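S.K.: Sequence first, then the predicted structure, then my questions.
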Amino acid sequence: MQVFHNKSKVIVTCNKRLSPYLQKEVAELGYTIVRAFSTGVELNITLTECIKLNLNLRCASQILYCINSFNASNPDELYKGLVAMEWEELIDFSGYFSVTSNVDNPTITTPLFANLKVKDAIVDRIKAQKGIRPNSGSDANKTVVHLYWKDNEVDVFLDTSGETLAKHSYRKIPGKAPMLEALATSVILATQWDQKSPFVNPMCGSGTLAIEAALLATNRRPGLYRMNYGFMHILGYDEEVFFAERRILKEQVIKNVDLQIVASDLSEDAVEVSRRNAKTAGVDTLITFEVCDFERTQVPQTGKGVVVFNPEYGERLGVHSQLELTYKRMGDFMKKQCKGYFGYIFTGNPDLAKKIGLKADKKIEFYNGKLDCRLLEYELYDGSRRPDEERPKRT
């Protein structure tokens, strides 16, 4: 199987409601989208081309390369279709692989059983061909096979990512209730920020929003922080392609930028975690960290920018009654100290959002895990409110 050079169906997945931002990323990298859907996009490319995607995408989760499709109505037929495949041409018999799946078939009550059938077929095939059985388990740090089985239709993929791309590998200390990096990037891309004007992140927590803002503004891609992907453990992998793509990433970094990014938190520990994560990402010198109540955050007055809050929702952290006052204070802070800015509050609690005391110009839908969330946008005009026809339009 010359998988690295053959074009095939490729599914790039993402979390729900991140697809519009993923689509834009993929298109900007020069790829033609065959199909877009709520949790990803479909392409027709080679496995080698997947390497570039893995290193560049900020909003994606997995990049799946299809190696076979067939029909199977039950586990026995699934096994027969899988054991006939030339797995010895894909997986080193002395190596290690894991299996993930998305199964919707009436004969399957648990995806773990489907996973076991896939593992059995791969092991039996390689043992029959090579006389040695490869190891398998749940770790996604080597070869990863993904099964998509809906009704009678089976697609078998190689997961070229392995560990999820939604984590960008610089955050060694997560902090409390951290926002996933892919979500943080998408939230920033949903704002009016031009990646040049000030970016202010009160209540910064572990610093993900501020760090992702700095990474976007300097064109630092996730591939700079990661050295292991699923594609590296597939037979036929040429490491020169990976290192060539990585050199391009380094050359594309924008240096000597004039940025004003401010991250503040009342917790000294949170700010220290943020600072250390930013240092790992190589952007600590681009962010001004402050230990203070959010109302005392220094908002640059040199130009229009954005201020972005990701407060507690009253679900996992904090107490609802105490948060009502906090949300009101956030509204007062934006109204009084952020004139000329666009203000954003990301929340999963619509009742608390009513306490902000400002009318949102937009309510952009996101999920944080399984929690239905909104990114509330406020134009914090300086002076009289501009007529609608004079206000900026989202492109």
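M.R.: Okay, I see it. Residues are numbered from 1 along each chain as shown.
S.K.: Output the below-cut-off pLDDT ranges for the stretch 1-150 of the chain.
M.R.: Applying pLDDT under 70 to the stretch 1-150 of the chain picks out residues 1.
S.K.: Just the helices from it, written as ranges.
M.R.: Along the stretch 1-150 of the chain, the segments classed as helices by DSSP state H, counting those that start in this stretch run 19-28, 47-56, 75-83, 111-130.
S.K.: centre of the chain versus the longest one, how much separation?
M.R.: Here the centre of helix 111-130 is set off from its chain's centre by 31 Å, with CA atoms, centre = their mean, to the nearest Å.
S.K.: Could you pull out the buried residues of it?
M.R.: Pro111, Ala114, Asn115, Lys117, Val118, Lys119, Ala121, Ile122, Val123, Arg125, Ile126 (16 or more other CB atoms under 10 Å). The way it works is simple: take the backbone N, C-alpha and C, and place the C-beta from them, glycine included.
S.K.: So what would you say the end-to-end distance of stretch 251-261 is?
M.R.: 23 Å (CA to CA, to the nearest Å).
S.K.: what's the answer for stretch 203-213, then?
M.R.: Stretch 203-213 end-to-end distance (CA to CA) = 15 Å.
S.K.: that older thread, quick one: which of the helices of the stretch 1-150 of the chain is nearest Met179?
M.R.: When these are compared by CB to CB, helix 19-28 sits nearest Met179, at 14.4 Å.
S.K.: Touching the closest one from outside, list them.
M.R.: When contacts are defined by CB atoms under 8 Å, 6 or more residues apart in numbering, helix 19-28 is touched by residues 12, 14, 33, 36-41, 43, 53, 56-60, 185-186, 189-190.
S.K.: Rebuild the buried residues of helix 111-130 as TSV, extending it with distance to Gly357.
M.R.: Formatted as TSV, the buried residues of helix 111-130 follow (distance: CB to CB, whole Å):
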residue	distance to Gly357
Pro111	47
Ala114	51
Asn115	51
Lys117	57
Val118	54
Lys119	56
Ala121	60
Ile122	59
Val123	62
Arg125	64
Ile126	64
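S.K.: out of those, what pair is the most spread apart?
M.R.: Going by CB to CB, the pair spanning these furthest: Pro111 and Ile126, at 22.5 Å.
S.K.: Geometric centre of this structure: which residue is closest?
M.R.: Geometric centre of the chain, nearest residue: Ala182, 2.3 Å, by CA atoms, centre = their mean.
S.K.: Pretty sure that residue sits against Asn15.
M.R.: Yes. Counting by CB atoms under 8 Å, Asn15 is a contact partner of Ala182 at 6.5 Å.
S.K.: Mind listing the shared neighbours of these two?
M.R.: Ser61, Ala166.
S.K.: so what's the nearest residue to Asp139 once chain neighbours are set aside bridging to?
M.R.: Here the nearest residue to Asp139 in space, its sequence neighbours aside, is Ser98; by CB to CB, 6 or more residues apart in numbering that works out to 5.9 Å. Beta-bridge pairing for Ser98 (DSSP bridges): Gly137, Val144.
S.K.: hang on, isn't Ser98 packed against Val145?
M.R.: Yes. Taking CB under 8 Å as the contact criterion, Ser98 and Val145 are neighbours in contact, 7.4 Å apart.
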